[in-house]
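Novice: give me a model of this one.
(chains A and B)
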Protein chains: 2
Amino acid sequence: MIERQLHLGAFMRPVSLHTGAWRYPGSYPDANFNFTHIVSFAQKLEAAKFDAFFMADHLALLNMPEEALKRSHTVTSFEPFTLLSALAALTSRIGLVATASTTFDEPYHVARRFASLDHISAGRAGWNIVTTSNPDAALNFGLDAHVAHGERYERAREFYDVVTGLWDSFDDDAFIRDVESGAFFDPAKMHALNHKGPELSVRGPLNIARPPQGWPVIVQAGQSEPGRQLAAETAEVVFCSPRDLASGKALYADIKGRMSKVGRDPDHLKILPAAFVVIGDTLEEARAKRAHLDSLVHYDSAIASLSIALGHDASNFDPDQPLPNIPETNASKTGREQVLRLAEQERLTVRQLAQRYGGYSGLAFVGTPQQIADKMVEWLYEKGSDGFNVVFPYLPQGLDDVVERLIPELQRRRLFRTDYSGTTLRDHFGLPRPKSRYA
Amino acid sequence: MIERQLHLGAFMRPVSLHTGAWRYPGSYPDANFNFTHIVSFAQKLEAAKFDAFFMADHLALLNMPEEALKRSHTVTSFEPFTLLSALAALTSRIGLVATASTTFDEPYHVARRFASLDHISAGRAGWNIVTTSNPDAALNFGLDAHVAHGERYERAREFYDVVTGLWDSFDDDAFIRDVESGAFFDPAKMHALNHKGPELSVRGPLNIARPPQGWPVIVQAGQSEPGRQLAAETAEVVFCSPRDLASGKALYADIKGRMSKVGRDPDHLKILPAAFVVIGDTLEEARAKRAHLDSLVHYDSAIASLSIALGHDASNFDPDQPLPNIPETNASKTGREQVLRLAEQERLTVRQLAQRYGGYSGLAFVGTPQQIADKMVEWLYEKGSDGFNVVFPYLPQGLDDVVERLIPELQRRRLFRTDYSGTTLRDHFGLPRPKSRYA
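Specialist: Numbers count the residues shown, from 1 in each chain, chains lettered A, B, ... in the order given. Predicted coordinates for the structure are as follows:
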């Protein structure tokens, strides 16, 4: 029997989600927008046998106040298809997951680009389906206001059907290329989709051969009610952001339970929470690195974020004192309680709290490689996850620490592969190759 | 004074426009859809100092009868942005021109992808603006019928304004990345477009730095009245398909004349007719190669194309006799006369005529390297063109013949560069870098 092993993605757009990352000593300030650097990151991740290189995406500038925006290293980024295709040419095994929006793109384009990326990469493409939550995106696509959440998810479900249908336009063995007879393909093995639905009307066929993986791997990140249901019905990988093991386990059980109800094998979906990983020789050193990183978040940006989370203007608080008692407000109760708990648990000053919150406030593993491996195995065996989507604190050092120190520790414990056993992203995740709907 | 030199593009999607190409002895039957082969072609073209690798595009299967379609090596092709981005990673100088439709895509997407390709390739991107003439495309994008020609061109003009405006979202020097102060960019150097026009509404700013070339090179291929006008107003390279030098000169004079009228320097647009090049040791050998290639066009496909061109069912004619006299019909007079002239000039049988017509019937240079160089210099000095977009008859041999035999002949005559003098596609074409509209 094969023991359970972790699946690891690398969250690479932006290359760090921490807003102070580009200012950390020894970091590349332009890491998020320097093609040469990104190539070196992808090649290191591949040498470390990561399952996938994952690109989030945005169809507008992030809607943050100018004070924060002007300090954000994410404001200029590569577009996913162009970057991942270029990386496909310079790597040979690591999976390449691009985000594409079902709200602001056309299924014929999306199907073609993923099919083409899958061919160019010999079966390493994945599609992170998003409905695009940033309302500013609508303004860049001819609309005056954002599309409502429910409508976005209805379109997403139909969009998925159209895209996967278009991928099946040609049977796997349609192209015979018989030089003697002159028959390039067998027309009986070509299928027009003729889709007419409430949101979309697409005739087909797609003008590209069926992808090597049949369908590129389907990835999703939504955690709302319709997001979970869409994932249970369609996704093969879920990226999520539970704040702790308890909420991770609840989400894991919920999505896998929904899968059983719709008749899918729960093993055919891998759940990967985002995990911010900071490694030190000792726990104290790792914490000091994180504290230094947090200190590089500009206080003006940080205090604005904290005020929003608390629903209370915190800009007049003494930055070097603990958070004072503040009255209840209209702010989201969960978010507020999370902030208050964090302040108390780690005994943070207002400044530290604001910078933690404005830096990166999600699930974090901070410690020695051994301590982090212990945490990861706990999540794996407690069914909190099937692995993680690793968020790097700063580049290149934070990434180097993971590939040079954490990965070998996981490999020693047989928690992570020492080599790829297959060539496609489906192989890495242990996912079946979908049959054509016409098979 | 610098002598006039040719600019050479390579027409690479499909890798050959000749429908019999994949059946020619020694050819790669899958050349049009084999990434490894295409990489080797791109690298050979770069070693030969070609200006650009050019990808046409289609948003549906080509609308041809099934008899022809099933024998077409173009039926499966890579999508332009994914392929060119992958090639960008494996080349360093050759320009990369992708086709993108203004009728079936969104300006925010198009602007982003070209900007990203331009950054990844360090300034080698070009945008071939098309309005998409194949009516079948509309059926893949939610429409019941094609958008009218005039409306497509109106949208194209506005689309161009929006895309170029989005490219200027950030000034060239907006990104300061001052680690000390924490300022990543200067907000005074970011601009929202706020475009609201008859067809498009796009706020901006684009979420990517200004392209290295300022704007990727603007390419066009339309030869209709509104196509010529759009080219004169906006294009920097025109790909066209005049059938002979006289019509080439007329088109050249017309477009450059229109440029003067709108206040543009005629030198800032390069006109490159498509030229099908077949090379032999002797004229007879080159002609024999072409005849052999034409003979590989399946007669059933060929006779169907010929019948359409003549407006008369030719399937009952004796294939091995000259074309009989046929009555006048409703078919396009120009097309019909062209076919009749071709039949008479080259004394072709019905079979040969049909296969020529169904293979490749555009401008062709067939002969020794010296004879072809003579023709090219004639076009250049008679102001029929500024160079050519070379169409290869079959791959790899037809391409190898050009880079190993024709290019050295052109270089000996100082008609073509022996090395790149710059690094960007604008450098290769001698085009100025556009200033930002906010400069």
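Novice: so where's the stretch 1-150 of chain A shaky on pLDDT?
Specialist: Residue ranges of the stretch 1-150 of chain A with pLDDT under 70: A:1-2.
Novice: let's see it at 80
Specialist: The stretch 1-150 of chain A contains residues with pLDDT under 80 at A:1-3, A:62-65.
Novice: excluding its backbone neighbours, what's nearest residue A:52?
Specialist: Spatial nearest neighbour of residue A:52, excluding adjacent residues (Cβ to Cβ, 6 or more residues apart in numbering or on different chains): residue A:95 at 3.5 Å. For glycine as for every other residue, the C-beta is placed from the backbone atoms N, C-alpha and C.
Novice: how many residues are close by the one you found?
Specialist: Residue A:95 has 31 neighbouring residues, counting by other Cβ atoms under 10 Å in any protein chain shown.
Novice: from residue A:12, how far off is it?
Specialist: Distance of residue A:95 to residue A:12, computed by Cβ to Cβ, to the nearest Å: 12 Å.
Novice: residue A:187 now?
Specialist: The spacing between residue A:187 and residue A:12, counted by Cβ to Cβ, is 42 Å.
Novice: more neighbours: those two, which one.
Specialist: Each of residue A:187 and residue A:12 has its neighbours counted (other Cβ under 10 Å); residue A:12 has more, 29 against 13.
Novice: wait, the more buried one sits on residue A:53?
Specialist: Yes - using Cβ atoms under 8 Å, residue A:12 is in contact with residue A:53, at 5.3 Å.
Novice: still on that earlier bit, got the contact list for the residue nearest to residue A:52?
Specialist: Contact analysis of residue A:95 by Cβ atoms under 8 Å, 6 or more residues apart in numbering or on different chains lists A:9, A:51, A:52, A:53, A:124, A:125, A:126, A:217, A:425, A:428, A:429.
Novice: same thing with residue A:28?
Specialist: A:22, A:34, A:37, A:395, A:396.
Novice: repeat that for 7 Å
Specialist: Going by Cβ atoms under 7 Å, 6 or more residues apart in numbering or on different chains, residue A:28 touches A:34, A:37, A:395, A:396.
Novice: next, count neighbours for the residue of the stretch 251-400 of chain A found nearest chain B.
Specialist: Minimum separation of the stretch 251-400 of chain A from chain B (Cβ to the nearest Cβ) falls at residue A:298, amounting to 4.5 Å. For residue A:298, the count of nearby residues is 20 (other Cβ under 10 Å).
Novice: list the contacts for it?
Specialist: Applying Cβ under 7 Å, 6+ apart to residue A:298 gives the contacts A:71, B:182.
Novice: ok, residue A:165 - how many residues close by?
Specialist: 23.
Novice: thinking again about what came up before, wait, which of the contacts of residue A:95 is closest to chain B?
Specialist: Nearest to chain B out of those is residue A:125 (Cβ to the nearest Cβ; 9.4 Å).
Novice: which residues touch the closest one?
Specialist: A:96, A:114, A:117, A:118, A:216, A:425.
Novice: list phi and psi for the first one.
Specialist: To tie it back to what came earlier, the one meant is residue A:96. Dihedral angles of residue A:96 (phi, psi; degrees, to the nearest 10) stand at phi -130, psi 100.
Novice: restrict the contacts of residue A:125 to contacts with chain B.
Specialist: Among the contacts of residue A:125, the ones lying near chain B by Cβ under 7 Å from any Cβ of the partner chain are residue A:117.
Novice: can I get the contacts of residue A:125 in a markdown table with secondary structure and neighbour count?
Specialist: Shown next, in a markdown table, are the contacts of residue A:125 (DSSP: H, G, I helix; E, B strand; the rest coil; neighbours: other Cβ atoms under 10 Å in any protein chain shown):
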| residue | secondary structure | neighbour count |
| --- | --- | --- |
| A:96 | strand | 28 |
| A:114 | helix | 29 |
| A:117 | helix | 29 |
| A:118 | helix | 30 |
| A:216 | coil | 31 |
| A:425 | helix | 27 |
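Novice: could you export the contacts of residue A:125 as CSV, including distance to residue B:3?
Specialist: Below are the contacts of residue A:125 laid out as CSV (distance: Cβ to Cβ, whole Å):
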residue, distance to residue B:3
A:96, 46
A:114, 48
A:117, 44
A:118, 47
A:216, 51
A:425, 53
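Novice: which parts of whichever strand in chain A runs longest are buried?
Specialist: In chain A, taking DSSP state E as the definition, the longest strand is strand A:270-279. By neighbour count on 16 or more other Cβ atoms under 10 Å in any protein chain shown, the buried set for strand A:270-279 is A:270, A:271, A:272, A:273, A:274, A:275, A:276, A:277, A:278, A:279.
Novice: dump these to TSV, plus pLDDT.
Specialist: Below are the buried residues of strand A:270-279 laid out as TSV (pLDDT from 0 to 100):
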residue	pLDDT
A:270	98
A:271	98
A:272	98
A:273	98
A:274	97
A:275	98
A:276	98
A:277	98
A:278	98
A:279	98
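Novice: go through those residues and say which is closest to residue A:178.
Specialist: Closest approach between the buried residues of strand A:270-279 and residue A:178, by Cβ to Cβ: residue A:270, at 40.8 Å.
Novice: tell me who's in contact with the spatially closest residue to the closest one that is not a sequence neighbour.
Specialist: What sits nearest to residue A:270 in space, not counting adjacent residues and going by Cβ to Cβ, 6+ apart, is residue A:386, at 4.2 Å. Neighbouring residues of residue A:386 by Cβ under 7 Å, 6+ apart: A:7, A:270, A:271, A:272.
Novice: try residue A:241
Specialist: Contacts of residue A:241 by Cβ under 7 Å, 6+ apart are A:273, A:274, A:362, A:363.
Novice: mind running it again at 8 Å?
Specialist: By Cβ under 8 Å, 6+ apart, the contact list for residue A:241 reads A:223, A:273, A:274, A:362, A:363.
Novice: now the two most distant members of those residues.
Specialist: Between any two of the contacts of residue A:241, the greatest separation by Cβ to Cβ is 13.1 Å, found for A:223 and A:363.
Novice: settle it for me: which of those two has more neighbours?
Specialist: residue A:363 (24 against 17).
Novice: hmm, residue A:251 and that one touching each other?
Specialist: No - Residue A:363 is beyond contact range of residue A:251, at 11.7 Å (criterion: Cβ under 8 Å).
Novice: no further questions, thank you.
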